[in-house]
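J.: Give me a model of this one.
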Amino acid sequence: MKVTLDARDPNSNARAATIELAHGPVHTPIFMPVGTAATVKGVHQRELEQEIKPDIILGNTYHLYLRPQTKILQKAGGLHKFMNWDGNILTDSGGYQVYSLSGRRKIKEEGVKFKSHIDGSLHLFTPENVMDIQRQIGADIIMAFDECTPYPCDKTYARDSMHMTHRWLERCLLQLKKSPELYGFEQVFFPIVQGSTYTDLRRESAEYIASVEAQGNAIGGLSVGEPAEEMYAMTQEVTAILPEDKPRYLMGVGTPINILENIALGIDMFDCVMPTRNGRNGMLFTANGTINIKNAKWADDFDPIDPMNLTWVDTAYTKAYLRHLFTVNEMLGKQIATIHNLGFYLWLVREARKHILAGDFTAWKNTMVRQMDNRL
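T.: So this is what the prediction gives:
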C-alpha cells in the first residue's frame, strides 16, 4: 500500500489523500458502500461501476463466514471473483456483529462463542481464525478482531474490553505472519481503537494502536447510540494521536452531517448502512435536506428526484413516480432510492475532496451542514 497526501485544509484537520491498493487507487475522503453479504443490497454491480463508482466497498466477515461460507469463496477464487467486482474491498472482522448478538454470544479471552442468527448453530471466533477467514475471503483491507462496547458503558468494563482488544490485536498480528495471502495480492491490515466515550481510555488505546505501526488505523465503537457531540469529541482525541501519514477509518459512521464533521477532524474513510437501509424505507438524502418520499406532498410532484443528476435515476424518474412505487410496494422503488442515496453519499465525499484541494473546505462544509439539516 502507498499513501500520498494530496492536500490539507488550512482551517481544519481535513485532508485529501490517495491510497494505492491492489485493486486500484482510493481517493479520500471516501465513503464505502456496505456490501455485507457479497452484494450492495438492491444495486447491480453494473450500477456500482458505471453510476456510483466507489473506489472501495465493504463486506462482512461474520455474514460471509456463515453464508456462503469461506470454503465456497476460496473455491471461487476469493470474494472479488465470487461477486464479479474488480474494485477494492474492505472486510469488517465481525466484531460489530458479535456486539449486536448480545443475547446469543459469550465473550472470553479465547474469543467469542456465538449462535448463528440463521439456524442457531454454535461457532467460535478467535483473533486467529478471524484472520484466517479474512485471508480466505480475500479483501484488500482486513480488520483486527475487537470487542465493540455498547453505549452507555461502565468504565471498568470499557477498560477491560479495551485491553482485551489490544491483546487480541497481538494475536491477530502473530497469525497474519503465519498465514500468507491466498490470491496473489497484498492485504492491508487495520487495527481498531476502542475505549467507549472515556477520553483517557481513547487516548490510551490510540497510543497503543499507533505503536503497532500498521498500514492504516480504524476507530470503532462510535456509532452505537452516543450523542454526536461525544462522537466528535472522541474522534478529535484519537486523530490527534494516530499517525498523520496513515489512513484513518471511522467505522459505521454515519449521517451526511456526521461524515462532513468527522472529515474536518481528520477522518479519511467511512462506511454505513444508512444510505441503503434508509433508501429502502423511503428516506432520500439530498444537498438541501432529507425527503420522506412516502409523504402525500410528493404525490403530484413531477420534478426529478434530484435535479443535480447524481446518477441516472435522479432525472429519469419523478418524485411522484417514486412515491407511487413505494405506495404499491414495488421493488423498483427501493432500488431507485438506494441508487440515489449511494450516489449522493459518494458525491458528498467527492465534493469534500474538491474543496479540500481548493482550500475552502471549512466554509463549504458549514454551508452544507446547515442545508442538510432540513426535512423537506
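
J.: use CA for all of it now, contacts and neighbours both
T.: Will do.

J.: pLDDT score for Thr276?
T.: For Thr276, the pLDDT comes out at 98.

J.: typo on my end, Tyr99
T.: 71.

J.: just Lys75 next, same as before
T.: 98.

J.: a strand runs through it, doesn't it?
T.: No: counting by DSSP: H, G, I helix; E, B strand; the rest coil, Lys75 falls outside a strand, being helix.

J.: Roughly how far does it sit from Ile137?
T.: Distance, Lys75 to Ile137, using CA to CA, to the nearest Å: 10 Å.

J.: likewise Leu64?
T.: For Leu64 relative to Ile137 (CA to CA), the value is 8 Å.

J.: So if I had to pick from those two, which one is more boxed in?
T.: Each of Leu64 and Ile137 has its neighbours counted (other CA atoms under 10 Å); Ile137 has more, 30 against 22.

J.: Would you mind measuring from Ala240 to Gly279?
T.: 35 Å.

J.: Equivalent analysis for Tyr317, please.
T.: Counting by CA to CA, the gap from Tyr317 to Gly279 is 15 Å.

J.: so what are the domain limits for the chain?
T.: Following automatic domain parsing, one gets these domains for the chain: 29-272, 273-376.

J.: Tell me how far the last one lies from the chain's centre.
T.: Centroid displacement of domain 273-376 relative to its chain, using CA atoms, centre = their mean, to the nearest Å, is 19 Å.

J.: End to end on it, go ahead and measure it.
T.: Domain 273-376 has an end-to-end distance of 22 Å (criterion: CA to CA).

J.: contacting residues around stretch 178-196?
T.: If you take CA atoms under 8 Å, 6 or more residues apart in numbering as the criterion, stretch 178-196 is touched by 1, 22, 77-78, 132, 135-136, 138-144, 146, 148-151, 153, 158-159, 161-162, 165, 169, 201-202, 205-206, 209, 214-222.

J.: Now list the buried members of the residues you listed.
T.: 22, 77-78, 132, 135-136, 138-144, 146, 148-151, 158-159, 161-162, 165, 169, 201-202, 205-206, 209, 215-222 (16 or more other CA atoms under 10 Å).

J.: May I have the secondary structure class of Gly184?
T.: Reduced to three states by three-state DSSP, Gly184 is coil.
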